[in-house]
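Peer 1: Next come a sequence and a model predicted from it.
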Amino acid sequence: QVQLRESGPGLVKPSQTLSLTCTLSDDSNTYATNGYVWSWVRQRPGKGLEWIAGMFYAGATDYRTPLQSRAFISRDASRKVLTLQLSSLTPEDTAVYYCALVPPGSYGSNQRLGSWGQGTQVTVSS
């Protein structure tokens, strides 16, 4: 069974850098054995899913446009915590941010396959 939990500040100011963490519980070892992508995704009000970045088990990363210039993801040595940093925030970055462990075929799609956290609301406002 896979469980994901996001954590981070609910309110950040414009121009600041957002830092979110995702903790993975993966009793079935899905991440290590099935080639899934541990990902950050967001959904802005009234918009669809917007993929930010993902990391494969071996450490390779993928960043999606148009956030790739402002996003950075990293993982701890235990492969249990994935961190997202998103810089130069504007109110347009207000969204629910999700971490997800998804099959590689659904990475970047509009499908919510695999396992998803509950999401964490981030509001960018002064």
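Peer 2: That came in fine, so what should we check first? Residues are numbered from 1 along each chain as shown.

Peer 1: Distance from stretch 68-87 to the middle of the chain?
Peer 2: Centroid separation for stretch 68-87 versus its chain: 8 Å, with CA atoms, centre = their mean, to the nearest Å.

Peer 1: correction: stretch 27-38
Peer 2: The mean C-alpha position of stretch 27-38 is separated from the chain mean by 16 Å, CA atoms, centre = their mean.

Peer 1: For it, measure first residue to last.
Peer 2: Taking CA to CA, to the nearest Å, stretch 27-38 runs 15 Å from one end to the other.

Peer 1: pLDDT on that stretch, on average?
Peer 2: Averaged across stretch 27-38, the pLDDT comes to 91.

Peer 1: And that stretch, what's buried?
Peer 2: For stretch 27-38, burial by neighbour count (16 or more other CB atoms under 10 Å) applies to 30-31, 36-38. For every residue, glycine as well, the C-beta is placed using N, CA and C.

Peer 1: just stretch 52-72 next, same as before
Peer 2: Buried residues in stretch 52-72 (16+ other CB under 10 Å): 52-55, 57, 62-64, 67, 70-71.

Peer 1: Farthest pair within these?
Peer 2: Spanning the widest gap among the buried residues of stretch 52-72 are Tyr57 and Arg70, at 24.9 Å by CB to CB.

Peer 1: re earlier: of the buried residues of stretch 52-72, which is the nearest to Gly105?
Peer 2: Distance to Gly105 across the buried residues of stretch 52-72 (CB to CB) is lowest for Gly54, with 12.6 Å.

Peer 1: For beta bridges, what are the partners of the closest one?
Peer 2: In this entry, Gly54 is beta-bridged to Ser39, Asp62, by DSSP bridges.

Peer 1: ok, it touching Tyr36?
Peer 2: No. Between Gly54 and Tyr36 there is no contact under CB atoms under 8 Å: 9.2 Å.
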